[in-house]
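> Sequence first, predicted coordinates after that:
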Amino acid sequence: MDLIDQKLTTASLDPKYKAALRASVGIAKKTANCYYNKTDESELLCVAMILHPRHKLEYFKNNDWPKEWIEMAKKIV
């Protein structure tokens, strides 16, 4: 999500695009961040990532989740 956020931020500030497009990209960024932040409230994301054969708990460790969050994710599953 960090890469998407960065690309949207860059595009929304780039003067080579018309103001209407920059404004639209800014709204898209705000909307994407709103829904992404909701994943913090969902235990389903933790379950899906831990059960995913490729990710398991490594996803959380590789993305620098706090140890307390990783332990909570283990308990959920």
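Structure's in. What do you need?
> what helices or strands is the longest helix seen in the chain leaning on?
Longest helix in the chain, counting residues (DSSP state H): helix 19-38. Secondary-structure packing of helix 19-38 (3 or more Cβ pairs under 8 Å, 6 or more residues apart in numbering; DSSP states H and E): helix 2-13. (Each C-beta comes from the backbone N, C-alpha and C, glycine too.)
> Tell me the buried residues in the helix it packs on?
Neighbour-count burial for helix 2-13, with 16 or more other Cβ atoms under 10 Å as criterion, is recorded at 8, 11, 12.
> Tell me the one of those nearest residue 38?
Taking Cβ to Cβ as the measure, residue 38 lies nearest residue 8 of these, at 17.6 Å.
> so that closest one makes contact with residue 27?
No. At 9.9 Å, residue 8 does not count as touching residue 27 under the criterion of Cβ atoms under 8 Å.
> average pLDDT for the following helix or strand past the longest helix of the chain?
Sequence-wise, the next helix or strand downstream of helix 19-38 (DSSP states H and E) is helix 43-51. The pLDDT scores in helix 43-51 average 85.
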